[in-house]
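*Asks:* Pasted the sequence and its predicted model underneath.
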Amino acid sequence: MRNALVVDLDRCSGCFSCEVACKMENGIALGSYYNKVLTVGPFGEFPKLSQYFLPVACQQCENAPCVHVCPTGASYRDPDTNVVLVDKAKCIGCKYCMMACPYGVRSWNQEEKVVEKCTLCGHLTSNGELPACVHNCPGGARFYGDLDDPSSDVSKALAAAEPDAVHTLTDVGNAPATSYILSKRYAEWQDSSTLQGAGRYLQKKGE
Amino acid sequence: MEIQWSLVLFTVLTGGAGWALGCVAVDEFTQKTKNDTNFIAAIVAIVLAAVGGIASVTHLSHPENMLAALSHPTSGIFTEALLVGLTAVFALVYVILLKRNAAASARKLFAVLAAVFGIVLAFASGASYMMDAQTAWNTPLLPLAYGGTTMPLGVAVYLAVALAKHEEGMGQYFMLLLVGGAVAAITGLFYGVATGVASQEPLLMWGLVVAVGGVVPAVCGWLGRKMPPSALALAGVAAGASFAGCVALRCAMWATSAVVNNFFGML
Amino acid sequence: MEQAMMSRRGFTKLTALAGAGAALGAAIGSGNLVESAEAKTSTQGTIKVKTLCRACVARCAAIATVENGRVVKLEGNSEDGTTHGGLCAKGLAGIQALYNPNRNKYPMRRVGERGGNQWERISWEEAIDEIAQKLWESKQQYGPESIFMSTGGGGNPQFWSVNRFAAAIQSPNTFEPGCAQCYLPRMVSYKLMYGGDFMTGNCSMADSNCFEMYNPDVNIDAVVVWAAQPAADTPPGGGRVMADRRAAGCKTVVVDPRFTADAARADVWLPIRSGTDVAMQLCWTKYIIEKEGYDKDFCLKWTNLPYLVDPDNGIPVRAIDLGLVSAEENEAQIQATAADTLTGHTTAPNNDNPALGYFGIPYFVIWDKKTNGPVAVPYPKSEQELNDFFDNQVDAELFNDAGYTINGKGGYKTAFQLTKERADEWDLQKTTDITWCDAADIEAAIDIYCQAQTAGIIGGVATDQNPQSGQTSAGYALLALLKGDVEKPGALLQRFPKPTMADELGGMYGLVSAEMEAKRLGFSEHRGIGQWAMSVIPYVFEAIETGQPYKPRIWLERSGNKLQNLAETERCYNAIQELDLIVHMYMYPTSFTIEGADYVLPIIEWLESNQPIQILNKVFQRQEATHLFETRNEAMIWSDLTKRMMELGDEDCRRAIEDTDGCVSKMGGIPMPLTDQEERDAHVAGLGMTWDEFCEKAPYEFVSWEDWHTYYYYLQQDPCGYLTGFGTASGKCEPYSEGYITLGLSASPWAMHPEVFVDNPVENPNAANSLVKYGYDPLPYYEEPEESPLTDTEYPLVMSNGRLPMYHHGTLRNVPYLREIYPVPEVWVYPDDAAKYGVEDGQWAWVRSRRGEIRGKVRVTKGVRPGEVYMERFWLPEFLDQEGKRDQSWRAVTVNRLSNSHGRLSDVNGTYTLRSYQVSIAPADGAPEGIWMEPEDFQPWMPEYSDPTEVIQTCVTLS
């Protein structure tokens, strides 16, 4: 079982709903995130420009470095759902996992002084509901389910996509399970490690 | 990334302790010291390691959960905890054996054990930072520099203890200090140039790591090889300079961290 | 996992406030809090409340989870066939708006100087009584024109209530920052040119129209998104459906100076220079005609394009005037069609003075190539008759370069010919020069439109925001009608059935007197604004400033921040100083409250509100998930004021309350409700239910999906014996808009008393290039913006604005989860321009116009076209209670300090210049001091739970 998200960037309009849905659902502090929406571009030669939005959260790596480096097992893989989670009760706050995450998508909870991150809304999915970001996505651009189940929403979304339109963030051996769909006719996917810029606006290298 | 001072102190002090224990082990074989030097030096090493260990705990927000830290052997922290623990234990046993005038072979065994584990720790504490996510840290040259820069520190500490105890004939250790300074400079240089850190932080790398942390101890080593009256002062200067160089290397590492993506801006 | 982390905080007990002022504002002051009032019964447990969002003007279905009386979660409701369960960031953050610590909780009266931000709490009875007294006194001393009202589109679900109150007290003036600057222009043009439904028959997707987009059973080949951003204005509705359409193979063209989310997915993006849209539309018109990309059959049979136009006045000529039909036949057709019940072909009581409007459909005239002469065109009784006439009997000429001579008078041309001539100069070269778009791209876009079988135009608000509003809105309708995108499957213009309920209670227009209309400021000059019975804003300010023709003295304002949304902000600020009384009704304090209000009246947030809404073929309920403090539905505030004034002796108000002469009900209006419950019931009385019954039943289908899609409404045969057609003078669609002419002649069809205006027709400002000397030009014409980059050396860059997906107009700047995403206004600058003017990405810059200067944070991007900069409106709530800096809330970064309310206005609508004016940029030393920029800064605004309270039914019980 591999529970993960698929995000269809052909449809994503960068509206920030998933970011806010997540914050409302999980009571996340100001300045902290489980899911953040970034803009890539526009790049290209005016007026033939390209742009896509990039919502990022924990990528549910199959080879999760955060689990590997955690000294106490607070960062662990749930034996039933196979989802990478944080057991806050065990976290000693060494932040090793934050350094080990290739995408910097783990957050520090100032109040509880532990690391936290996207839980794929386990409290909702265990009730048969969808994660908040998936349910509320205005663009119908987010899918959740078991990649190993061909009838799941994620499997169907991937099957419907052109093979050269399916991407992941840069894999440095961590094997991110989250896929992004971006068709060539809309924009050329940028290897995430090459993206320039801080904050919400990222840019293609060399622009 | 912000400089994590408690981790800087941890790796510098434990590294220095490791190399000091190395000198103790060497001396068990070369028998250059006549007074209590090895005893004091071993205790100083234990204290340094302990202070370093406490420093690392201040980095944690929930140290009360720390006992679980030994539950996850894949973690670099597990390795470090193990090495610090074992080094301290072996050094303590050695000290006890010394006090009880135990057989030389026993003392040598534990001195060597403490030294080996301590010196491995000096390098291993840098190896924890080698992660695929950290593109600037993910090179063996980093732990090499971690271990290399602490060599002159450990030797200088040993020399300072020895000279405070009025030992004579410590010339070989001054030569060891010279070698240590060279090793510090070279390992620091390899890391700095290969990763580009040297051009991003020239003052820290060229100034403090190479010059102050490497060349100065090396020069002190050369000047002290014939045991001049200033020998103790030379050891002191070398220790201080090496400490500065060790800290500088680690600061440079933190300042130039580069993740594959820092999407939330938290690193 | 823990739910939303809204910590309970105890409330500070209310200290004695008499004499002591308490501050409203950003920080939590002790006087701002109220003890939790008595809770409603039975608030234990968890319930899910089905409701509709109203964070913007859309109405996405949402479900509120209420736990022990507190709203703890919001999520989209998948029963909504437009959103499929999606909900945007604005809606999701509704809990933070609802429980914002700075909510206005109870009525307040100003203490000390205006602008001093010192207030004391009063009761509702006191508030209503004091305000009513002042209104009645002013009305007696200075006349009802001394009082004016305003509202806003910032999520206001009781939009027309200001008009109701105006009608009740006989005040001639209401306005809102939108209206002539938002949506009215397109409602005017489509109503006059297409003649469909008043509310739904236009191109605005943001106002929940263009339903066919949401029909998966039809194919739409192409969609042109012009000056609109479906992905930003309604992410779950329009945004999603655009993605669906693109995925289904629909081609899209986006016309926008910015590379919006929809532009980034379009087949062609035309990065147009703001303010030049009419040039582009005329270019499209030219080539659509040349390439024969228009729907020939529709244009021939169902538009007035083949009709001959009288060269003397530019009005399509009547057959009776050329002796081509007998008086009996003509009169019979007129009388019969005037009785049409399905569409309505009457705007005047008779045809004695055509300038006053039309009564029934006369015979018009085409030129028949078979007989080489003019022929009278009967209005069809059946499709067969229509087809027979145009396919067999005559061969109607569409274009004639040389005018025909009839009865000795030359120069008769078809409307189509006049349209062609108007567009003729706009070839690709000229259009490229003016619009700054690439010729090949323009042609590619036109080809997409021409080659599509079914193509729709989605026209947005940006083009309503400059003085060409009357022309651009007509341009959208022209393009849509040429393409025949009318009432066929897949067409965006439809007349599907509507449920027999009132989502809004309407304007009580039966009470509007001739004197009111005569005194309505700016109406006679800009008659399109009559469609909303509103006034032209700069005329109101002029009257305040000069006292001419009379001086307005009392301002009752029900919206957010007029010091952000009106053009030339300083003008509003200065006007405030002149007024005797200002009442502000809103959910939380804004710059306007602090700078101007004498009374503050708290109104409900959308999560406290109730309204029935149609979504496709269903009706939904927006029902309150809670009710807090002493907030009220504004409709009841207006009602209570009316009742109190009636008690004080105002007979106009008596007439409104009691409908003594039946004027209200005669016009299908709904009288003033006396209680809150009555108000709710009035909305659904037409469904035969009470409000509570409706909430139990909804959402439900008021008609089946199949039956709702009643295509070709115009082909229905009315009991009067004729095809119902369209609500225009000819009964057909009018790309050549006679309605624009008539509007200019007499303010018909929207003046209640057109006789007031008919003797004072407007002169067509484009008369030199048109047959029409009096009346508004029936065709679009291009005018270079008053401030133009082609000539302006001092202010070289064009300014435009545009929606952001996390904000709605001036609202939501105090919602923490939204504000932290986009905490300060950005100025988007093209890289070459940034280098030229020395501004850098991430640094602050001065943006200056002839009116003022403000600051913004620079974003260097190719996402705004070269030569143009983008900045959205913004105000800063954090300054409201910063001592000595209160005015920074609106002075520091509000782009409307730069826009223009003087100078040129739209001929048709009175629109001033909110966009498409000239600015300069220069580096600034830094951000305005004290501005909140970091996420943690917004912590004081995190929500504070409050228990539900009883709704106040009324505070004026009539004896």
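*Replies:* That came in fine, so what should we check first?

*Asks:* Would you list the phi and psi of residue 109?
*Replies:* Because you didn't say which chain, this covers chain A. When read as degrees, to the nearest 10, the backbone of residue A:109 gives phi -80, psi 110.

*Asks:* what does the helix or strand of chain C with the lowest mean pLDDT contact?
*Replies:* Across the helices and strands of chain C, mean pLDDT, DSSP states H and E gives its lowest value to helix C:663-666, namely a mean of 84. Contact partners of helix C:663-666, identified using CB atoms under 8 Å, 6 or more residues apart in numbering or on different chains, comprise C:508, C:510, C:511, C:655, C:656, C:659, C:670, C:671. (Each C-beta comes from the backbone N, C-alpha and C, glycine too.)

*Asks:* Residue 43: neighbour count?
*Replies:* Unless you meant another one, I'm taking chain A. 19 (other CB atoms under 10 Å in any protein chain shown).

*Asks:* nope, chain B please
*Replies:* Residue B:43 has 16 nearby residues by other CB under 10 Å.

*Asks:* What helix or strand is it located in?
*Replies:* helix B:37-58 (DSSP states H and E).

*Asks:* and whichever helix or strand comes after that helix, how far from the chain's centre?
*Replies:* Where DSSP H and E defines the elements, the next helix or strand beyond helix B:37-58 is helix B:76-99. Remark: helix B:76-99 is offset 15 Å from the chain centroid, using CA atoms, centre = their mean, to the nearest Å.

*Asks:* Sort out which residues of helix B:76-99 are buried, please.
*Replies:* B:76-84, B:86-88, B:90-91, B:93-95, B:97-98 (16 or more other CB atoms under 10 Å in any protein chain shown).

*Asks:* With stretch C:778-788 instead?
*Replies:* Neighbour-count burial for stretch C:778-788 [16+ other CB under 10 Å]: C:778, C:779, C:780, C:781, C:782, C:783, C:785, C:786, C:787.

*Asks:* Repeat that for stretch C:343-355.
*Replies:* C:343, C:345, C:346, C:347, C:348, C:351, C:354, C:355.

*Asks:* how far out from the middle of the chain is that stretch?
*Replies:* 27 Å.

*Asks:* Tabulate the CA atom coordinates of it in CSV.
*Replies:* Coordinates of each C-alpha in stretch C:343-355 appear next as CSV, following Å, rounded to 0.1, in the frame of the first residue of the first chain:
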residue,chain,number,x,y,z
THR,C,343,-40.3,38.3,-23.1
GLY,C,344,-42.0,41.7,-22.9
HIS,C,345,-41.9,44.1,-25.9
THR,C,346,-43.0,47.3,-24.1
THR,C,347,-40.9,49.9,-22.4
ALA,C,348,-43.2,52.9,-23.1
PRO,C,349,-47.0,53.3,-22.7
ASN,C,350,-47.4,54.0,-26.4
ASN,C,351,-45.4,54.8,-29.5
ASP,C,352,-46.3,58.5,-29.7
ASN,C,353,-42.8,59.5,-28.9
PRO,C,354,-40.3,56.8,-29.8
ALA,C,355,-37.7,58.5,-27.8
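
*Asks:* Which residues does it contact?
*Replies:* Counting by CB under 8 Å, 6+ apart, C:195, C:315, C:334, C:337-338, C:356-362, C:713-714, C:718, C:724-727, C:731, C:742, C:745-746, C:748-749, C:754, C:758, C:761 sit against stretch C:343-355.

*Asks:* Can you list which of those residues are found in helices?
*Replies:* Of the contacts of stretch C:343-355, the ones assigned to helices by DSSP state H are C:334, C:337, C:338, C:742, C:745, C:746.

*Asks:* So the fourth one sits against residue C:751, correct?
*Replies:* To tie it back to what came earlier, the one meant is residue C:742. No: judged on CB atoms under 8 Å, residue C:742 makes no contact with residue C:751 at a distance of 10.8 Å.
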